[in-house]
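*Asks:* got a predicted structure plus its sequence, pasted below:
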Number of protein chains: 2
Amino acid sequence: MTSHPPALDELDRKIIAALIANARTSFAEIGAEIGLSAPAVKRRVDRLKEAEVITGFTTMVSPGALGWGTEAYVEVYCDGAAPPRRLADVVRDYPEITAAMTVTGGADALLHIRATGIQHFEEVLERIRAEPFIRKTISVIVLSHLLAGSPEAAASPTSPTAPSRPYGETNRR
Amino acid sequence: MTSHPPALDELDRKIIAALIANARTSFAEIGAEIGLSAPAVKRRVDRLKEAEVITGFTTMVSPGALGWGTEAYVEVYCDGAAPPRRLADVVRDYPEITAAMTVTGGADALLHIRATGIQHFEEVLERIRAEPFIRKTISVIVLSHLLAGSPEAAASPTSPTAPSRPYGETNRR
DNA sequence: CATGAAAGACACAACAT
DNA sequence: ATGTTGTGTCTTTCATG
């Protein structure tokens, strides 16, 4: 809950698109492309960070090159009594769990896991299954990627096929 | 296929860790933390990009703020004859599909989808199911996230619980 | 291969429009 | 809210151990 109603305009979206494409693009260069001065771009970026529209700048690495050769999704089934949100505490203790979310369907939660290899993944899975209120797990191992993008990268800011202006639409000011 | 066998050392990993934490960190600041000059850091980063260990710098945005309020994973079952890799072509035509991979288990592929809302998601799903060689889909809608981290950001480069040096281990030089 | 110095580009913070 | 100016820092290239 950020106090201010964000209300992004065209320029904000172009700035975000540029920064998603390359987080190290200079404000001057972004400004040149959209017809704004560098300080103006910086101010908008600061605002977007303040409003938590931009949540951070990160670097994409090829996990394989760092030794994380195995990737998997694990559906987790909890005991009826235990609220799946309690998983939040557990999940933090596993560095191999890179994402965790509650989901609809038979499973209570879905985990994204990275391991150095199958044997490491098996070891992680055994530890997870030993957690008190976890009833069963179903694992799906990723074989190969068909698309470059990551699940976390939101779809392009300028909504494509979607309703022209998805969410906050009123012109600022 | 990059010609050179990368072989990362401790300094490379610290640089990568710093850039994952904040892709806009200055080379000078990184250098100060690990005892290297700014140009030295830049040269290593350039090498890491060249070796495709670092694949890019991107910005994390809160998808909800951009109007992408619905997130789902969809398991795709293909017709026996059609190779799941053919999905690569199809998948590119959907801006809503932010990740796609082939997987083990009953399903042939797993899609990560972002939509502006349930009705938009339903519309996307219908289009996908109308594709020629797709037999059935199973959808799982994300309710809430239990972890902040992004799936693509591989678990911290300084491998934590994992085998001390996962992959490339020989000292450079 | 890493360092150090120099020129150019950039970020950042006033102030003015 | 944006543009402009000024200052300090950073990036980047080139020369050097």
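*Replies:* On my side now, so go ahead.
*Asks:* which stretches of chain A form helices?
*Replies:* Along chain A, the segments classed as helices by DSSP state H run A:10-21, A:27-34, A:38-50, A:87-91, A:118-129.
*Asks:* partners of the longest strand anywhere in chain A in the sheet?
*Replies:* Secondary structure of chain A per DSSP state E: the longest strand is strand A:134-145. Strand A:134-145 pairs in its sheet with strand A:70-78 (antiparallel), strand B:97-103 (antiparallel), by DSSP bridges.
*Asks:* ok so, going back, nearest to B:Tyr94, of the helices of chain A?
*Replies:* helix A:10-21 (18.0 Å; C-beta to C-beta). To be clear about C-beta, it is placed using only N, CA and C from the backbone, and glycine gets the same treatment.
*Asks:* is DNA strand C within reach of that closest one?
*Replies:* No: counting by C-beta under 7 Å from any atom of the strand, DNA strand C has no neighbours in helix A:10-21; the shortest distance is 10.5 Å.
*Asks:* that helix: which residues count as buried?
*Replies:* Within helix A:10-21, the residues scored as buried using 16 or more other C-beta atoms under 10 Å in any protein chain shown are A:11-20.
*Asks:* same question for stretch A:107-114.
*Replies:* Neighbour counts using 16+ other C-beta under 10 Å place A:107-114 of stretch A:107-114 among the buried residues.
*Asks:* elements contacting the lowest-mean-pLDDT helix or strand in chain A?
*Replies:* Using mean pLDDT, DSSP states H and E, helix A:87-91 stands out as the lowest-scoring helix or strand of chain A, at a mean of 93. Packing partners of helix A:87-91 (3 or more C-beta pairs under 8 Å, 6 or more residues apart in numbering or on different chains; DSSP states H and E): strand A:97-103.
*Asks:* one more time with 10 Å
*Replies:* Counting contacts by 3 or more C-beta pairs under 10 Å, 6 or more residues apart in numbering or on different chains; DSSP states H and E, helix A:87-91 is packed against strand A:70-78, strand A:97-103, strand A:109-115, helix A:118-129.
*Asks:* return the most buried member of those.
*Replies:* Using mean count of other C-beta atoms under 10 Å in any protein chain shown, the stretch among the helices and strands packed on helix A:87-91 with the largest mean neighbour count is strand A:109-115, at a mean of 25.
*Asks:* and it, which strands flank it?
*Replies:* By DSSP bridges, strand A:109-115 pairs with strand A:70-78 (antiparallel), strand A:97-103 (antiparallel).
*Asks:* and the ones you listed as JSON lines, adding mean pLDDT and distance to DNA strand C?
*Replies:* Compiled in JSON lines, the strands paired with strand A:109-115 are given as follows (pLDDT from 0 to 100; distance: least, C-beta to the nearest atom of the strand, whole Å):
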{"stretch": "strand A:70-78", "mean pLDDT": "97", "distance to DNA strand C": "30"}
{"stretch": "strand A:97-103", "mean pLDDT": "96", "distance to DNA strand C": "29"}
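*Asks:* closest to DNA strand D out of the ones you listed?
*Replies:* The closest of the strands paired with strand A:109-115 to DNA strand D is strand A:97-103. By C-beta to the nearest atom of the strand, the value is 27.1 Å.
*Asks:* roughly how far out does the closest one sit from the chain middle?
*Replies:* Once both centres are worked out by C-alpha atoms, centre = their mean, to the nearest Å, strand A:97-103 turns out to sit 10 Å from its chain's centre.
*Asks:* dump the C-alpha coordinates for it into PDB.
*Replies:* Taking C-alpha atoms only, strand A:97-103 is exported to PDB below (Å, rounded to 0.1, in the frame of the first residue of the first chain):
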ATOM      1  CA  ILE A  97      14.200 -21.900  -3.500                       C
ATOM      2  CA  THR A  98      14.200 -18.900  -5.700                       C
ATOM      3  CA  ALA A  99      10.400 -18.300  -5.800                       C
ATOM      4  CA  ALA A 100       7.500 -19.500  -3.800                       C
ATOM      5  CA  MET A 101       3.800 -18.700  -4.300                       C
ATOM      6  CA  THR A 102       0.400 -19.900  -3.200                       C
ATOM      7  CA  VAL A 103      -1.700 -21.100  -6.100                       C
END
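*Asks:* tilt between it and helix A:118-129?
*Replies:* Orientation check (axes from the mean of the first three to the mean of the last three C-alpha atoms, to 10 degrees): strand A:97-103 against helix A:118-129 gives 50 degrees.
*Asks:* thinking again about what came up before, which among the buried residues of stretch A:107-114 are in contact with DNA strand D?
*Replies:* Among the buried residues of stretch A:107-114, proximity to DNA strand D is found for none (C-beta under 7 Å from any atom of the strand).
*Asks:* how about TSV for the residues you listed, with pLDDT added?
*Replies:* Formatted as TSV, the buried residues of stretch A:107-114 follow (pLDDT from 0 to 100):
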residue	pLDDT
A:Ala107	95
A:Asp108	95
A:Ala109	96
A:Leu110	97
A:Leu111	97
A:His112	96
A:Ile113	97
A:Arg114	96
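*Asks:* how about those residues in TSV, adding distance to B:Val142?
*Replies:* Listed next are the buried residues of stretch A:107-114 as TSV, based on distance: C-beta to C-beta, whole Å:
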residue	distance to B:Val142
A:Ala107	12
A:Asp108	12
A:Ala109	10
A:Leu110	7
A:Leu111	12
A:His112	11
A:Ile113	16
A:Arg114	19
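*Asks:* quick check: the two most widely separated of those?
*Replies:* A:Asp108 and A:Arg114 (21.3 Å).
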